[in-house]
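[1] What would the 3D arrangement of this be:
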Amino acid sequence: MTALIKDQIPNQIDSMEELAAWVTLWLSKVNPTRAITEALGENPQRVAESFILTADDGTQRLISRVSLELNPNWVSDTSNPIWLHAKEFENIDLTSDFTNG
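    This is a model prediction of the structure:
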């Protein structure tokens with residue numbers, strides 16, 4: 001797992017949207033080739049990807065997608081919220097370009 005040290009989250013982040021962008025950009029960066037076949041017969045999809053596109057209205061958009069495996073007991077374990085059942089991709093340290101320091 002990538003240990004979350006809350007002090008490493010940049011101080012400038014002050015909204016859930018900025019936090020979501022920061023997290024998905026980092027997961028995409030460190031998992032550039034990790035993929036999973038999500039449905040039989042489909043092509044593998046990256047477990048984390050982010051890209052920028054220009055929407056039809058002319059705005060620039062950060063598009064992010066993350067596919068997180070859940071622990072098998074997530075349905076029966078109602079004592080924990082679903083996000084606590086997300087399994088890690090791998091054990092990797094947060095890279096310095098994504099920290100306060």
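
[2] so how far is stretch 3-22 off the chain centroid?
    Chain-centre distance of stretch 3-22: 12 Å, with C-alpha atoms, centre = their mean, to the nearest Å.

[3] ignore the last one, stretch 45-53
    Chain-centre distance of stretch 45-53: 10 Å, with C-alpha atoms, centre = their mean.

[4] Tell me which residues of it come out buried.
    Neighbour-count burial for stretch 45-53 flags 46, 47, 48, 49, 50 (criterion: 16 or more other C-beta atoms under 10 Å). For glycine as for every other residue, the C-beta is placed from the backbone atoms N, C-alpha and C.

[5] Adding pLDDT and distance to residue 70, write those residues out as a markdown table.
    Output for those, formatted as a markdown table (pLDDT from 0 to 100; distance: C-beta to C-beta, whole Å):
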| residue | pLDDT | distance to residue 70 |
| --- | --- | --- |
| 46 | 95 | 18 |
| 47 | 95 | 13 |
| 48 | 95 | 15 |
| 49 | 96 | 19 |
| 50 | 96 | 21 |
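
[6] Which phi and psi values does residue 6 adopt?
    Dihedral angles of residue 6 (phi, psi; degrees, to the nearest 10) stand at phi -60, psi -30.

[7] Between all of the buried residues of stretch 45-53, which two are separated the most?
    With C-beta to C-beta as the measure, no two of the buried residues of stretch 45-53 lie farther apart than 47 and 50, at 11.9 Å.
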